[in-house]
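Q: coordinates for the following, if possible.
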Amino acid sequence: MKNEVKKIVKKVTIKRNPEKPQGYDDRSSERWEGRFSFILSLIGFSVGLGNIWRFPYLCYKNGGGAFLIPYFICLVCAGIPLFFMELALGQFMSKGGIAAWNICPLFQVVVFWLNAYYIIVLTWAVYYLYLSVTSIFGTVPWTYCDVAWASAKCVDGSETFVNTSRNISELVSPAEDFFSRYVLNSSDTIEDVGGLRFGLVISLIVSWFLIYLCIWKGVKVTGKIVWFTALFPYVILFSLFVRGVTLDGAWDGIEFYLKPNLTRLADAEVWIDAGTQIFFSYSIGIGGLVALGSYNVYNNNCLRDAVIFTSVNTFTSIFGGVAIFSVLGYMAKDMGVEVGDVAAKGPGLVFVAYPKAITTIPGAPIWSSLFFLMILILGVDSEFVAVEGFVTSIMDWMPHLFKYKHSREVFVGATCIFQGVMGLSMITRGGIFVFKLFDYYSASGICLLLIATFECISIGWFYGANRFCDDIKSMVGRRPPMYFPICWALITPLTTVSILVYSVYEHTTLKLGDYTYPTWAYAFGYFLTFSSVSCIPITAFIKYVFASGSVTERFFALITPTISQNQIHENTKRPYNIKSTCSSNNEDKVRLKCISIILQQLQ
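A: Next comes the predicted model:
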């Protein structure tokens, strides 16, 4: 036995690879090929439809500039600290969104509904892209009011808004009518489900197929794809920005965007929308950031990456807002109405404002094709990394299910199919109402606020903010500024809880346009919220029941981190549990294999 061990030791040169320092945990040999691949993946994941689609419509819905004040307050008090915390947690634990929370085993959560809802925006984009490409030698179909789909309120270039004898407040543009009456063929209520839209079903299948192709082989393929998907949209967005600000009336829209209406700050919905938009656009609380960070080498400077990303993300939101509000200003002047009344304040805003602007550009079908290709790329980029985050979490949580050949590919395919089936409810005639429910309850609102609060409690209080700062120092060489531990322990949970309490106290009726949702829809919405959040107390209760010892001993056992031997550094504070990487089998053959694994980790 001893001779065999000596032979193994002689064959191995025990020296540390500078890219595998103390704390490194081999993650199935899957790592980012370079720092820029990781940063671009972050940008591709979080800078997407949340910035170009969701941010402008929430801004428009909540009074333009008034929305920016709570937005930046929530960004400083919650967005930046939580973003850095999740990134550093994934890098330190080298695990995905479930297993990484072994740092405080009492809290584990995964958000599942977001991917099924987010893909619907891609579905719309794919359908618009198809319509644009097939119109390449003519005009895009929303240029004029077509009797096949236009309502009596539709007014196009043949009858100007200013000169019409009809009531201006009741009129709509062809782009708005085309989206609601042709693309969605929307019914009047959520109860009137209607049938599936065949064109949208095909678009949904195409969207999920693209997602599957992007992630089925893992992070190394993902790292190559983002070089294109993260950078190309900025080229198109800048082109549309230049066109938007040169339109007549553009500056009226930009003034509406930047000039705040302070009376709106008393509205709870403005604050909850601002807080949850931060979490949505920064992808906080859904496990994706933890999963992306887990593929970093241990000594990657995640603090630097967080600063770079937050700057790019915020700039993109503001820049995209200027682009879309310049178009709204043009539409308002063309229609002879105020900017705040120019279009329906709903999730389809970006499919109304930009298409309207595109019709004013020579070669509109080409520009339309490029624009919706940009929307598709932005959405695919964010969606496939979100699905990757979910897949990584499940693989780390239940690794025994993925020991067979092609097991990852099969699981990814099953995930895409299952969530695709769930998305069918949002492409019926009543699907836009279901989509709004998912948007408000499953991907934002109470759900993300509660998850963010639990994350702060687990790291800031139970594990310890200072203790986590020591872990970060072991990775990047220095402790983060005091701003971060203060936020994790105090400011961020206080911010999220305050918004939650205020939103409950000033509860507002959920509406889509003039439609008010029935009572049963609220019940379904809360089910979406608590189906994700409830896994935290349910998991904690199950762990508590099966733990041994007194009440106090069980509680402290569940807040004691479980880390590997490799993650212990000179500043690591006890108590902690060591997760063994070797079997306790007494046979010599298994012992030799365990020793070999340890020696390989030291290489």
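Q: pLDDT value on Ser564, please?
A: Ser564 is assigned 67 on the pLDDT scale.
Q: if you could redo that for Phe468, that was the one I meant.
A: 91.
Q: same thing with Val76?
A: 92.
Q: can you tell me how far it is from Leu82?
A: Using C-beta to C-beta, to the nearest Å, one gets 11 Å for the distance from Val76 to Leu82. C-beta: built from backbone N, CA, C; applies to glycine.
Q: more neighbours: which of the two?
A: Leu82 (26 against 14; other C-beta atoms under 10 Å).
Q: excluding its backbone neighbours, what's nearest Gly253?
A: Excluding the flanking residues, the one nearest Gly253 by C-beta to C-beta, 6 or more residues apart in numbering is Gly329, at 2.4 Å.
Q: isn't that neighbour up against Thr246?
A: No. Contact criterion C-beta atoms under 8 Å: Gly329 and Thr246 do not qualify, at 11.6 Å.
Q: these two - which one has more neighbours?
A: Between Gly329 and Thr246, counted using other C-beta under 10 Å, Gly329 has the larger neighbour count: 25 against 10.
Q: list the contacts of that one.
A: Leu247, Gly249, Ala250, Trp251, Asp252, Gly253, Ile254, Glu255, Phe256, Val339 (C-beta atoms under 8 Å, 6 or more residues apart in numbering).
Q: next SSE downstream of the host helix or strand of it?
A: In this structure, Gly329 is located in helix 302-335 according to DSSP states H and E. The helix or strand immediately downstream of helix 302-335 is helix 350-358, counting by DSSP H and E.
Q: ok, and what's touching that next one?
A: Against helix 350-358 from outside (C-beta under 8 Å, 6+ apart): 52-53, 56-57, 124, 128, 140, 142, 173, 175-176, 178-179, 183, 240, 243-244, 247, 324, 327-328, 330-331, 343-344, 364, 367-368, 371, 375.
Q: filter the residues you listed to the buried ones?
A: 52-53, 56-57, 124, 128, 140, 142, 173, 175-176, 178-179, 183, 240, 243-244, 247, 324, 327-328, 330-331, 343-344, 364, 367-368, 371, 375 (16 or more other C-beta atoms under 10 Å).
Q: mind giving me TSV with the contacts of Gly329 and columns for distance to Thr560 and secondary structure?
A: Output for the contacts of Gly329, formatted as TSV (distance: C-beta to C-beta, whole Å; DSSP: H, G, I helix; E, B strand; the rest coil):
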residue	distance to Thr560	secondary structure
Leu247	61	coil
Gly249	62	coil
Ala250	58	helix
Trp251	59	helix
Asp252	59	helix
Gly253	55	helix
Ile254	54	helix
Glu255	56	helix
Phe256	53	helix
Val339	56	helix
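Q: out of the residues you listed, who's the most crowded?
A: Neighbour tally across the contacts of Gly329 (other C-beta under 10 Å): the maximum, 30 neighbours, falls on Gly253.
Q: ok, it to Leu237 distance?
A: Distance of Gly253 to Leu237, computed by C-beta to C-beta: 16 Å.
Q: ok so, going back, now do the helix holding Gly329: distance to the chain's middle.
A: Taking C-alpha atoms, centre = their mean, to the nearest Å, the mean C-alpha location of helix 302-335 is offset from the chain mean by 17 Å.
Q: help me confirm that Arg479 comes into contact with Ile472.
A: Yes. Counting by C-beta under 8 Å, Ile472 is a contact partner of Arg479 at 6.6 Å.
Q: tally of neighbours for Ser281?
A: Other residues close to Ser281 by other C-beta under 10 Å number 26.
Q: next one: it from Ile120, what distance?
A: The value you get for Ser281 to Ile120, if C-beta to C-beta is used, is 18 Å.
Q: out of the contacts of Gly329, which one sits closest to Tyr505?
A: Using C-beta to C-beta, Phe256 comes nearest to Tyr505 of these, at 29.0 Å.
Q: need phi/psi at the residue nearest in space to the middle of the chain.
A: Nearest to the mean C-alpha position of the chain, counting by C-alpha atoms, centre = their mean, stands Ser283 at 3.6 Å. Note on Ser283: its backbone torsions stand at phi 60, psi 40 [degrees, to the nearest 10].
Q: what does the model give it for pLDDT?
A: Note on Ser283: pLDDT of 78.
Q: make sure it is actually in contact with Glu388.
A: No. Judged on C-beta under 8 Å, Ser283 makes no contact with Glu388 at a distance of 11.9 Å.
Q: got the contacts of Gly329 as JSON lines, with distance to Thr496 and pLDDT columns?
A: Shown next, in JSON lines, are those (distance: C-beta to C-beta, whole Å; pLDDT from 0 to 100):
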{"residue": "Leu247", "distance to Thr496": "39", "pLDDT": "83"}
{"residue": "Gly249", "distance to Thr496": "39", "pLDDT": "86"}
{"residue": "Ala250", "distance to Thr496": "37", "pLDDT": "87"}
{"residue": "Trp251", "distance to Thr496": "36", "pLDDT": "88"}
{"residue": "Asp252", "distance to Thr496": "36", "pLDDT": "87"}
{"residue": "Gly253", "distance to Thr496": "32", "pLDDT": "86"}
{"residue": "Ile254", "distance to Thr496": "31", "pLDDT": "87"}
{"residue": "Glu255", "distance to Thr496": "32", "pLDDT": "86"}
{"residue": "Phe256", "distance to Thr496": "29", "pLDDT": "83"}
{"residue": "Val339", "distance to Thr496": "32", "pLDDT": "77"}
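Q: how about those in TSV, adding distance to Ile272?
A: Shown next, in TSV, are these (distance: C-beta to C-beta, whole Å):
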residue	distance to Ile272
Leu247	33
Gly249	32
Ala250	30
Trp251	30
Asp252	28
Gly253	25
Ile254	26
Glu255	26
Phe256	22
Val339	23
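Q: of the residues you listed, closest to Met93?
A: Ile254 (44.1 Å).
Q: show me the contacts for the closest one.
A: Val245, Val322, Phe325, Ser326, Gly329.
Q: let's see 7 Å
A: Val322, Phe325, Ser326, Gly329 (C-beta atoms under 7 Å, 6 or more residues apart in numbering).
Q: about what we covered before: quick one: the residue nearest to the centre of the chain from Tyr515, how far?
A: Taken as C-beta to C-beta, the span from Ser283 to Tyr515 is 30 Å.
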